[in-house]
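Asks: okay, structure incoming, though there's no sequence with it:
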């Protein structure tokens, strides 16, 4: 089983939400094409925004639903976040974030909005996996 982690911004405008809805199927289908002999699943969190949209997409495909995991936080402080579990489970983590709005990313010092998803992609790289941040 191969797992694609998709996480990202929890604050999306309507236009950004439409872009994310278009991006998710592209990412999942690309992952399928790159792993033609493996069953695949998607891992994400339970935050609003990107995580919620990922799970909505996963639920449209019964096989994908059965192979996927949604990690749920049991609180709101950092110690309860499930980013480490997602990065550990996934073979690759893709974080979808937005252009800079209010607070720049201090996880990677790139010019995009701060997102815990970026931290998750960075943590995946620390584990020797691929971690990518996409700015929409």
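Replies: Cool, the structure landed. Everything numeric in this text was worked out from a predicted model, so none of it was measured.

Asks: can you give the distance from the worst-scoring helix or strand of the chain on mean pLDDT to the centre of its chain?
Replies: Of all regular secondary-structure elements in the chain, judged by mean pLDDT, DSSP states H and E, the least confident is helix 116-126 with a mean of 88. With Cα atoms, centre = their mean, to the nearest Å as the basis, the distance from the averaged C-alpha position of helix 116-126 to the chain average is 10 Å.

Asks: now the residue of the chain most remote from its centre, what's its secondary structure?
Replies: If you look at how far each residue of the chain sits from its centre, by Cα atoms, centre = their mean, the farthest one is residue 37, at 22.9 Å. State at residue 37, reduced to three classes by DSSP: H, G, I helix; E, B strand; the rest coil: coil.

Asks: on that earlier part again, tell me which residues of the least confident helix or strand of the chain are tucked away?
Replies: Across helix 116-126, burial judged by 16 or more other Cβ atoms under 10 Å covers 116-124. No exception for glycine: its C-beta is placed from N, CA and C like everyone else's.
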